[in-house]
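Enquirer: Sequence plus the predicted model coming up.
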Amino acid sequence: MASYAKKSIATLFAGTVLAVGIASPASAQTTRQDGLVNVNVGDVTVAEDINIAAAVDVVAQLCGIDLDVLANVQLLTEAATLVDNTSRNYTVCRTEDGKVKFTQN
């Protein structure tokens, strides 16, 4: 019995080490978030390397979004944070000058 228990514990330990070893390289490949994004209108960057709160304000002004409504602030903040975390662009609205979007800095 003792031999079986030792083998089970050793197997469990080895499996844990392998799982941690596999997870580490994957986490190293994720995008480094820094809390900064850009705001673009069409092909023009109108605000570069600004914090998410400032970017939300700029986009709200460009798109005519009321920031007195908490849900609007939350949605824009989540969108900008998603861009910062994933490096994928997020279009908020369209204007005469082009798409207003958050982009990774």
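Expert: Arrived safely, thanks for sending. Numbers count the residues shown, from 1 in each chain.
Enquirer: Could you export the strand or helix carrying E48 as PDB, CA atoms only?
Expert: Following DSSP states H and E, one finds E48 within strand 44-51. The C-alpha trace of strand 44-51 is given here as PDB (Å, rounded to 0.1, in the frame of the first residue of the first chain):
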ATOM      1  CA  VAL A  44      -5.300  59.700 -38.200                       C
ATOM      2  CA  THR A  45      -4.200  59.200 -34.700                       C
ATOM      3  CA  VAL A  46      -5.900  62.000 -32.700                       C
ATOM      4  CA  ALA A  47      -4.600  60.900 -29.200                       C
ATOM      5  CA  GLU A  48      -1.500  58.700 -28.700                       C
ATOM      6  CA  ASP A  49      -0.400  56.800 -25.700                       C
ATOM      7  CA  ILE A  50      -3.100  58.100 -23.400                       C
ATOM      8  CA  ASN A  51      -4.500  56.400 -20.400                       C
END
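Enquirer: ok, it: who's next to it in the sheet?
Expert: Next to strand 44-51 in the sheet, as set by DSSP bridges, lie strand 36-41 (antiparallel).
Enquirer: Excluding its own residues, what touches the partner strand? List them.
Expert: 45-52, 55, 58-59, 62, 80, 83-84, 89, 95, 97-105 (C-beta atoms under 8 Å, 6 or more residues apart in numbering). Heads up, the C-betas are built off the backbone N, CA and C, glycines and all.
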